[in-house]
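J.: would you be able to build a 3D model of this:
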Amino acid sequence: MSLNRTEQMVYDYLHAQPEERRHWEGVVKREAARAGADPHAAAFALEGELWRYYVERAGVAEPFRSTARREGLARTSMRNLAELLIRLWAPPSPKPRAHGTRALG
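T.: Numbering: from 1, shown residues only. Okay, here's the model as predicted:
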């Protein structure tokens, strides 16, 4: 998966900041649970939250602040990052059982 520069900056920041990472792991799990079996709906909701986070961080933290000063805050897609974080942090959705099979136990 290829991330754009903005997505990569957020991803690197989350990995360098343990408290931020824990927070976002919770956000990803919450959105995945809210969306149920629809990973596209979860990614759509998460993308908006990630963009709002980027804008908020641009006002207070490096490297976001200097990048926003240099490039502005034109809306950038966070879809690939949202999908990546869902794959990494959301619990896997249960696989449907094949027709005619029974659960063991």
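
J.: quick one: the helices in this protein, in order.
T.: Ranges of helices in the chain, per DSSP state H, are 5-16, 18-35, 39-58, 64-71, 79-89.

J.: buried set for the fourth one?
T.: Using 16 or more other CB atoms under 10 Å as the burial criterion, the residues of helix 64-71 that qualify are 64, 67-68. (Glycine included, C-beta is placed from N, CA and C.)

J.: nearest to A90 among the residues you listed?
T.: F64 (24.7 Å; CB to CB).

J.: the closest one against M9, yeah?
T.: Yes. Between F64 and M9 there is a contact under CB atoms under 8 Å: 6.9 Å.

J.: and Y53, how many neighbours?
T.: Neighbour count of Y53, defined by other CB atoms under 10 Å: 19.

J.: so what's it up against?
T.: Contact partners of Y53, counting by CB atoms under 8 Å, 6 or more residues apart in numbering, are V10.

J.: repeat that for 10 Å
T.: 10, 13-14, 20, 23-24, 27, 64, 78 (CB atoms under 10 Å, 6 or more residues apart in numbering).

J.: can you list those residues in TSV and add distance to I86 and pLDDT?
T.: Listed next are the contacts of Y53 as TSV, based on distance: CB to CB, whole Å; pLDDT from 0 to 100:
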residue	distance to I86	pLDDT
V10	14	98
Y13	18	98
L14	14	97
E20	17	97
H23	16	97
W24	11	96
V27	11	94
F64	22	96
M78	12	97
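
J.: biggest separation within those, which pair?
T.: V27 and F64 (17.6 Å).

J.: if we can go back for a sec, overlap in contacts of F64 and M9?
T.: Each of 54, 57 lies in contact with both F64 and M9 under the rule CB under 10 Å, 6+ apart.
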